[in-house]
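K.L.:
sequence? don't have it. structure:
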């Protein structure tokens, strides 16, 4: 035959198939690390390779799709109090009628940061 290399998973699309898999694997691993997700939820990576031959079957196209299914960010719930401030509707996590003895000390991670760590 010839010295032209045959297609393998690592050579497919000049290595792009492996790069796409690595990208999804990174997303899955970050999602597993994210404490805002269910640790027991299954994560999945699906590599789909579709071959589209020409009419003469001598050549064709190959399409590669890599999709990841991540665990959802867990919901959280807290009571809020509705009211108005300077004639604008507002919501507060603490009852404005209740005297606060201490300042809140819990550092809350912004949801955007939590989503970046592994959510989609």
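P.N.:
Done, it's in. In this text, all values refer to a predicted model and were calculated from it rather than measured experimentally. Residues are numbered from 1 along each chain as shown.

K.L.:
Please work out how many residues are found near residue 46.
P.N.:
A total of 10 residues lie near residue 46 under the criterion other CB atoms under 10 Å. C-beta here means a position set from N, CA and C on the backbone, and glycine is covered the same way.

K.L.:
Show residues contacting the helix or strand that it is a member of.
P.N.:
According to DSSP states H and E, residue 46 maps onto strand 44-53. Under the criterion CB atoms under 8 Å, 6 or more residues apart in numbering, residues 12, 17, 20-21, 24-25, 28, 59-69 lie in contact with strand 44-53.

K.L.:
Buried ones from these, can you make that a ChimeraX selection?
P.N.:
This is how ChimeraX selects the buried members of these, with burial counted by 16 or more other CB atoms under 10 Å:
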select :12,17,20,21,24,28,64,66,68
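
K.L.:
Give me the subset of the contacts of strand 44-53 lying in helices.
P.N.:
17, 20, 21, 24, 25, 28 (DSSP state H).

K.L.:
Would you reformat these as TSV and include distance to residue 102?
P.N.:
What follows is the ones in helices among the contacts of strand 44-53, written out as TSV (distance: CB to CB, whole Å):
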residue	distance to residue 102
17	55
20	50
21	50
24	45
25	44
28	40
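
K.L.:
ok, and the closest non-adjacent residue to residue 91?
P.N.:
residue 80 (4.6 Å; CB to CB, 6 or more residues apart in numbering).

K.L.:
coming back round to it: identify, from the ones in helices among the contacts of strand 44-53, the entry nearest to residue 84.
P.N.:
residue 28 (44.9 Å; CB to CB).

K.L.:
sorry, back to before: need the pLDDT of the residue nearest to residue 91.
P.N.:
Looking at residue 80, its pLDDT reads 83.

K.L.:
next one: residue 119
P.N.:
As predicted, residue 119 sits at a pLDDT of 49.

K.L.:
what's the answer for residue 110, then?
P.N.:
If you check residue 110, the pLDDT there is 62.

K.L.:
For the residue nearest to residue 91, give me its contacts.
P.N.:
Taking CB under 8 Å, 6+ apart, we find residue 80 in contact with 91, 92, 93.
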